[in-house]
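test case, fold it:
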Amino acid sequence: MTAPTEASLFAPVPDSPDAVLEGLDPEQRAVATALHGPVCVLAGAGTGKTRAITHRIAYGVRAGILQPGSVLAVTFTARAAGEMRGRLRQLGAAGVQARTFHAAALRQLQYFWPRVVGGPLPRLVERKAQLVAEAATRGGLRLDRGELRDVTGEIEWAKVTQTVPEDYATAAARAGREAPRDPAEIARLYTTYEQLKRDRGVIDFEDVLLLTVGVLHERPDVADQIRSQYQHFVVDEYQDVSPLQQRLLDLWLGDRDTLCVVGDAGQTIYSFTGATPEYLLGFRGRYPGATVVKLVRDYRSTPQVVHLANGVLSQARGRSAAHRLELVSQRPPGPDPSCTEYADEPAEAEGTARHVRRLIDSGVRPSEIAVLYRVNAQSEVYEQALADAGIPYQLRGAERFFERVEVREAGAALRGAARFGANDTLLDGAVDLPSQVRAVLSTKNWTQRPPAGSGAARDRWESLAALVRLAEDFAAARPDAGLADLVAELDERAAAQHAPTVEGVTLASLHAAKGLEWDAVFLVGLTEGTLPITYAKTEAQIEEERRLLYVGVTRARCHLSLSWALSRSPGGYGGRRPTRFLTGLRGGPGARHAAPGPYGAGGSVTGPAAAAGPGRAGRDRTDGGGGTGGVERVPGARRRGPVRCRVCGRTLSEAGEIKLMRCEDCPSDLDEGLHTRLHDWRRARASELGQPAFCVFTDKTLLAIAEARPEDETELARIAGVGARKLRSFGPDVLALCAGRELAPEDASEETSEDISEEAGEPELAGTPDSSESAGVPVTDSSNK
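Presented below is the predicted three-dimensional model:
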């Protein structure tokens with residue numbers, strides 16, 4: 001999911017300034033050689049903006065025009081800053097400061113605070129929400145978890161827009177914000193929160209910027225010292241700066257114009273945090289003589305994906321829309337994006353998992369596949385579906401790679417082995433760098449074969465396996481490198497937070513996916529009320545939701561799948577509508593007849609949906625708008641009825657509840673002894689098969705079995721996660737355990753790892769004894785579209 005390959009990160013350092021420019025297209029070269037005065041780079045998704053600006057800095061340094069220590073490059077995430085430092089290092093421009101706004105400001109504040117204020121800088125509060133919750137309690141307010149998150153966000157927005165508590169209500173109304181509580185209550189809570197911080201001598205992340213701005217404004221001597229050090233500034237993702245960040249940038253610059261900004265108004269997706277594209281759009285107004293370069297050659301995505309992305313923004317409105325960039329793909333043609341309509345959310349998740357399995361079986365690495373959704377609450381049903389299909393996954397936003405305990409321990413072990421060198425008997429027989437790394441990591445219980453299960457042990461194994469793969473790539477790029485060289489590389493990567501790739505399908509929100517890319521992307525849950533989100537009311541808010549879809553589409557290099565479900569739960573009312581942002585870009589009712597584009601135009605709608613009556617979505621027709629290969633409606637021989645709690649009878653909608661067939665808060669009749677026996681049996685069977693335990697049955701499925709205690713195959717088949725093949729392969733064992741019988745070795749069910757993989761492609765649906773007839777089986781193989 002990284003733009004550069006591992007091999008490119010180990011490329012030799014260019015031997016001259018002109019060599020830095022090799023391989024750049026004309027527009028990228030124009031950026032790299034524009035080293036004087038203000039520069040504005042309007043860069044579309046996948047056009048190589050990071051490549052252009054890092055080569056610009058490196059060319060200036062290597063040509064002697066820029067001094068490394070005089071350049072400050074700022075961006076918005078630690079990952080992006082780390083990637084920038086890594087690329088600059090590979091281009092021979094080590095020493096350039098590439099940091100986030102907060103990291104740069106914090107470093108300056110820590111240095112100057114003792115001189116300006118005296119004493120150490122106040123401690124940075126780690127969990128702002130806890131302090132907000134305490135402020136609410138003091139004010140007599142009770143906030144649930146969602147309200148606490150939203151109120152905390154309001155305080156952050158107020159601070160980055162430089163709004164004091166007494167002005168919050170007016171400012172929020174003027175900005176069209178829908179406050180989670182009465183604005184007057186939030187203003188009082190905001191005041192109490194600030195007082196709590198002062199009482200405890202702590203500051204938050206927004207204070208870092210506010211205090212730095214205050215110091216630079218009040219102390220000209222400090223401002224002059226910073227300006228004498230940093231003489232050239234580069235700002236990435238400039239469309240996402242807030243008024244507070246722009247104020248800080250102005251103070252860093254002073255009266256100079258040695259500034260290069262890079263951005264795309266079409267990718268503004270953080271307005272809710274106070275970010276605004278106005279500074280990017282108004283750059284030429286502030287700097288009339290600025291050099292402006294547009295990057296529109298898309299090296300990431302196929303023409304089909306690019307055509308759909310352009311189509312999404314072609315219907316946009318507002319000032320950002322007037323400045324949209326029309327991307328031009330530079331890649332060979334690929335498959336058309338697919339649109340699929342499902343009966344309900346579990347069916348959508350199961351269909352997505354089957355499609356993912358087909359891609360993996362065709363050779364696409366799991367780490368090059370992503371499932372993206374609008375809100376994090378959508379992840380659970382996809383986690384469950386992927387686990388049921390035996391597909392490893394990782395949630396975006398987890399702990400940083402180099403901060404994981406096992407990675408730190410592995411680094412220490414590798415460092416020790418490098419220090420002892422040939423005197424370390426552990427390395428006896430290790431003929432090359434990868435084998436040396438494997439030998440060292442074996443002391444940390446790493447093995448060639450992954451452990452069974454999907455919990456902490458598997459996560460630990462995947463982290464160490466990523467280090468092994470990195471060693472293999474490093475050795476391939478630098479055959480003469482030794483263990484000490486690898487340790488130095490790991491140290492530099494840790495400082496840059498440039499982690500190696502961990503194998504597993506990525507699950508992430510559309511916001512978290514910004515700046516990333518994959519070979520295959522699944523955009524799921526694309527319904528009205530989710531995208532655009534239900535609380536997007538104004539035109540500006542709705543346009544931001546459109547841009548969010550655009551960001552999602554442009555994450556895909558080759559394979560792109562878009563899907564939605566007509567209802568939330570099985571048997572529910574199918575009244576949902578697909579997002580308005582796909583109107584005219586997909587087949588089916590509501591498609592307007594736009595002029596077909598050069599790629600992806602047309603496509604048939606495959607078959608009427610089950611139970612679709614006259615006038616409903618289900619008639620075959622041809623899409624005249626282009627953009628995707630038409631809508632695939634997933635039919636079934638019979639529609640699934642609603643899944644009801646077996647305790648209270650309530651209709652279930654959450655994936656976890658459907659799996660257990662009861663409400664989470666309804667009493668459980670778990671047979672703990674049976675649950676333990678099932679876990680022991682699963683561990684043994686997974687070991688025999690050489691597969692992770694969740695490929696046999698997931699934890700939730702085992703829990704459901706231990707609660708239901710099925711007496712025959714019909715009852716067992718009703719449990720979600722028990723498909724026809726698993727019923728055939730594991731059913732006798734499970735039913736014997738449920739009946740209290742001990743399994744003799746000759747009683748073990750016959751199953752192979754191939755059967756497991758085959759089972760992963762089969763839907764496993766609650767309340768569907770014969771899952772081959774379920775609503776989740778597609779009519780056509782969309783991977784061949």
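
continuing past the helix or strand harbouring Leu549, what's the next helix or strand?
Assigned by DSSP states H and E, Leu549 belongs to helix 539-553. Scanning forward in sequence from helix 539-553 by DSSP H and E, the next helix or strand is strand 556-567.

now that next one and helix 539-553, what's the angle there?
Counting by axes from the mean of the first three to the mean of the last three Cα atoms, to 10 degrees, strand 556-567 lies at 120 degrees to helix 539-553.

partner strands of strand 556-567, with direction?
Partners of strand 556-567 in the sheet, by DSSP bridges, are strand 338-344 (parallel), strand 518-523 (parallel).

residues touching the helix holding Leu549, excluding its own?
45, 176, 266-269, 271-272, 305, 308-309, 312-313, 315-318, 320-321, 337, 372, 374, 510-511, 513-514, 521, 523, 526, 531-533, 535-536, 560, 579, 581 (Cβ atoms under 8 Å, 6 or more residues apart in numbering). In short, each C-beta sits where N, CA and C put it, glycine included.

do the same with stretch 98-109
Residues outside stretch 98-109 that contact it (Cβ under 8 Å, 6+ apart) are 72-78, 81-82, 84-85, 88, 97, 121, 124, 205, 208-209, 211-212, 215, 226, 245, 248.

where does pLDDT dip in the stretch 301-450 of the chain?
For the stretch 301-450 of the chain, applying pLDDT under 70 flags the ranges 377, 397-401, 421-425, 450.

quick one: the helices in it?
Under the criterion DSSP state H, counting those that start in this stretch, helices of the stretch 301-450 of the chain are mapped to 303-314, 319-322, 345-361, 379-388, 405-420, 433-442.

picking that back up, show the buried residues in the contacts of stretch 98-109.
Among the contacts of stretch 98-109, the ones that count as buried by 16 or more other Cβ atoms under 10 Å are 72-76, 81-82, 84-85, 88, 97, 121, 205, 208-209, 211-212, 215, 226, 245, 248.

which ones among those residues lie within strands?
Judged by DSSP state E, strands contain the following of those: Leu72, Ala73, Val74, Thr75, Gln97.

in this structure the third one contacts Tyr238, no?
No: here Val74 lies out of contact with Tyr238, judged by Cβ atoms under 8 Å, at a distance of 9.7 Å.

got the strands paired with strand 556-567 as TSV, with distance to Arg365 and mean neighbour count columns?
Shown next, in TSV, are those (distance: least, Cβ to Cβ, whole Å; neighbours: other Cβ atoms under 10 Å):
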stretch	distance to Arg365	mean neighbour count
strand 338-344	20	27
strand 518-523	8	26
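
okay if I get those strands as CSV plus distance to Gln330?
Formatted as CSV, the strands paired with strand 556-567 follow (distance: least, Cβ to Cβ, whole Å):
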stretch, distance to Gln330
strand 338-344, 23
strand 518-523, 16
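
of all those strands, which one is nearest Cys738?
For the strands paired with strand 556-567, proximity to Cys738 was assessed by Cβ to Cβ; strand 338-344 is nearest, at 28.8 Å.

could you give the angle of that closest one to helix 303-314?
70 degrees.

CA atoms of strand 338-344 as CSV?
Extracted in CSV, the C-alpha atoms of strand 338-344 (Å, rounded to 0.1, in the frame of the first residue of the first chain):
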residue,chain,number,x,y,z
SER,A,338,-17.6,-2.8,-10.9
CYS,A,339,-20.8,-1.7,-9.1
THR,A,340,-22.7,-4.3,-7.0
GLU,A,341,-26.0,-4.0,-5.2
TYR,A,342,-26.7,-6.4,-2.3
ALA,A,343,-29.8,-7.2,-0.3
ASP,A,344,-28.3,-6.3,3.1
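
pLDDT weak spots in the stretch 51-200 of the chain?
The stretch 51-200 of the chain contains no residues with pLDDT under 70.

so in the protein, which helix runs the longest?
helix 456-477 (DSSP state H).

buried sites along the helix or strand just after it?
Beyond helix 456-477 on the C-terminal side, the first helix or strand identified by DSSP H and E is helix 483-496. For helix 483-496, the buried set under the neighbour-count rule, 16+ other Cβ under 10 Å, comprises Leu483, Leu486, Val487, Glu489, Leu490, Arg493, Ala494, Ala496.

related to what we said a few turns ago, tell me which of the contacts of helix 539-553 fall in strands.
Leu372, Val521, Leu523, Leu560.

give me the neighbour count for the residue lying closest to the second one once chain neighbours are set aside.
Spatial nearest neighbour of Val521, excluding adjacent residues (Cβ to Cβ, 6 or more residues apart in numbering): Ala556 at 3.8 Å. A count of nearby residues for Ala556, using other Cβ atoms under 10 Å, gives 29.

who touches Ala556 in this structure?
Ala556 touches Ser301, Val305, Pro337, Glu517, Trp518, Asp519, Ala520, Val521, counting by Cβ under 8 Å, 6+ apart.

rewinding a little: so can I have TSV of the buried residues of helix 483-496 showing distance to Ala686?
Below are the buried residues of helix 483-496 laid out as TSV (distance: Cβ to Cβ, whole Å):
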residue	distance to Ala686
Leu483	34
Leu486	33
Val487	35
Glu489	35
Leu490	32
Arg493	33
Ala494	34
Ala496	38
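
rebuild those as TSV, extending it with pLDDT.
Formatted as TSV, those follow (pLDDT from 0 to 100):
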residue	pLDDT
Leu483	87
Leu486	88
Val487	88
Glu489	83
Leu490	83
Arg493	70
Ala494	72
Ala496	55
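
show me which of these is closest to Arg29.
Nearest to Arg29 among these, with distances taken as Cβ to Cβ, is Ala496, at 25.9 Å.

what packs against the strand or helix carrying Leu131?
Applying DSSP H and E as the criterion places Leu131 in helix 128-138. Applying 3 or more Cβ pairs under 8 Å, 6 or more residues apart in numbering; DSSP states H and E, one finds that helix 128-138 contacts helix 145-160, helix 183-200.

of all those, which lies closest to Val405?
helix 145-160 (27.9 Å).

may I have the helix or strand that the closest one is followed by as CSV, with CA atoms only?
Sequence order places helix 168-174 as the next helix or strand after helix 145-160, per DSSP H and E. This file holds the C-alpha atoms of helix 168-174, laid out as CSV (Å, rounded to 0.1, in the frame of the first residue of the first chain):
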residue,chain,number,x,y,z
TYR,A,168,-17.7,29.9,20.1
ALA,A,169,-21.5,30.0,19.7
THR,A,170,-21.4,32.8,17.1
ALA,A,171,-18.5,31.3,15.2
ALA,A,172,-20.1,27.9,15.0
ALA,A,173,-23.3,29.4,13.7
ARG,A,174,-21.5,31.4,11.1
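
buried stuff in helix 168-174?
Buried residues in helix 168-174 (16+ other Cβ under 10 Å): Tyr168, Ala169, Ala171, Ala172.

as a markdown table, those with distance to Leu702 would be great.
A markdown table is the format used below for the buried residues of helix 168-174 (distance: Cβ to Cβ, whole Å):
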| residue | distance to Leu702 |
| --- | --- |
| Tyr168 | 50 |
| Ala169 | 52 |
| Ala171 | 52 |
| Ala172 | 49 |
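
good, wrapping up.
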